[in-house]
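S.K.: what follows is a predicted protein model with its sequence.
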There are 2 protein chains.
Amino acid sequence: MTTPQLTKNQSLVFDVLEKADGPLSAYTILDKLRDHGFRAPLQVYRALEKLLEYGVVHRLESINSFVACAHPGDDCHSHGIVAFAICESCGQVMEFHDHEVDHRLMAWVRGQKFKPEKTTIEIRGLCEACAA
Amino acid sequence: MTTPQLTKNQSLVFDVLEKADGPLSAYTILDKLRDHGFRAPLQVYRALEKLLEYGVVHRLESINSFVACAHPGDDCHSHGIVAFAICESCGQVMEFHDHEVDHRLMAWVRGQKFKPEKTTIEIRGLCEACAA
DNA sequence: ATCAATTGCGTTATGCTATAACGTGTGCAA
DNA sequence: TTGCACACGTTATAGCATAACGCAATTGAT
């Protein structure tokens, strides 16, 4: 999927996420955009919905937060399943792909005739710096 | 970890999850236990916290729900990472393990010197019956 | 025995996350 | 110019989770 021109709200939300050094909750984004006229959660959630659809933002299910995709300009959908390592101390997120993991999960799925729509892989723990 | 004797509340919550044919939210569990004297969410969450610790219940991060472990009597922790396939139509959950997936993820983690605490793998989609 | 620490429990209140439902305006194609 | 699709704004509400207080039972060390 190619990313269409973003609307004003979508751009604002995306910019906030890109400039952040870690994942943000929808309400944190809302607070950061109050000066730009944002008043209600829905303004954020609606923008996020589109940004997720375009693949330029990821949702971290295990911490109810959102991050800009780590592959600027890339179409994240083409990388297969995206996996995340989330540091519970500093909040840093590392995004990676492993085709063998994809392959194994998809093999299992085929065996069950399960039709996957969205797959989540999230590793929570401590990054190298914080574990020291 | 071996599972100690469950307390009254823990048993009630666990029984509800075991008898359910799919994942339940904490508030759904609460409603099912009102007749047994449950009045507040914390009664459920506190029991769940212990049941998760004992490994007899899993939390599905992507749908904010809980399921009894599919391996009765077993110690789930010994199976490595647990993965779930969640049908978004009928709510059924399949639990599985894949050592190769574990291995690949742990290899990545080692390469980054990341210290994993809890890993989530959840595939949402349609089960065979619902996809037909 | 008794004291201290731990654990489970109950209650009230609160905070965080997400969506429903309504209406407005704009651009575009039939 | 009518109808449709889409973005947007607002209010209200639903759903998920925990903080903070206090009480009771258990356990284990002194």
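M.R.: In hand now; what should we look at? Numbering: from 1, shown residues only, chains lettered A, B, ... in the order given.

S.K.: got the residues of chain A near DNA strand D?
M.R.: By CB under 7 Å from any atom of the strand, the residues of chain A that approach DNA strand D are A:7-10, A:37-43, A:46-47, A:50. C-beta coordinates here come from the backbone N, C-alpha and C atoms, glycine included.

S.K.: at 10 Å instead, please
M.R.: Within chain A, the positions adjacent to DNA strand D are A:4-13, A:33, A:36-47, A:49-50, A:53-54, A:62, A:64 by CB under 10 Å from any atom of the strand.

S.K.: in helices, which of those fall?
M.R.: Among the residues of chain A next to DNA strand D, DSSP state H puts A:8-13, A:41-47, A:49-50, A:53-54 in helices.

S.K.: select only the buried ones of the residues of chain A next to DNA strand D in PyMOL?
M.R.: To isolate the buried subset of these in PyMOL, counting by 16 or more other CB atoms under 10 Å in any protein chain shown, use the following:
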select buried, chain A and resi 6+9+10+12+13+33+38+43+44+47+50+54+62
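
S.K.: need the residue closest to the centroid of chain A.
M.R.: Closest to where the C-alpha atoms of chain A average out (CA atoms, centre = their mean) is residue A:58, at 1.4 Å.

S.K.: state the distance from it to residue A:5.
M.R.: For residue A:58, the distance to residue A:5 (CB to CB, to the nearest Å) stands at 21 Å.

S.K.: what do you get for residue A:62?
M.R.: Separation of residue A:62 from residue A:5 (CB to CB) stands at 32 Å.

S.K.: which among the residues of chain A next to DNA strand D are in contact with chain B?
M.R.: When contact is defined as CB under 8 Å from any CB of the partner chain, those meet chain B at residue A:62.

S.K.: checking my notes, the residue nearest to the centre of chain A in a helix, right?
M.R.: No: Residue A:58 is assigned strand when assessed by DSSP: H, G, I helix; E, B strand; the rest coil, not a helix.

S.K.: wait, what's in contact with it?
M.R.: Residues in contact with residue A:58 (CB atoms under 8 Å, 6 or more residues apart in numbering or on different chains) are A:52, A:66-69, A:76, A:82, A:84, A:95.

S.K.: now with 7 Å?
M.R.: By CB atoms under 7 Å, 6 or more residues apart in numbering or on different chains, the contact set of residue A:58 is A:66-67, A:69, A:82.

S.K.: pull out the buried members of those residues.
M.R.: Using 16+ other CB under 10 Å as the threshold, A:66-67, A:69, A:82 are the buried ones among those.

S.K.: now tell me what touches stretch A:29-48 from outside.
M.R.: For stretch A:29-48, contacts defined as CB under 7 Å, 6+ apart pick out A:9-10, A:12-13, A:16, A:26-27, A:57, A:66.

S.K.: residues from chain A in reach of chain B?
M.R.: Residues of chain A lying close to chain B (CB under 7 Å from any CB of the partner chain) are A:61-62, A:85, A:88, A:94, A:96, A:98, A:100-101, A:104-105, A:108-109, A:112-128, A:131.
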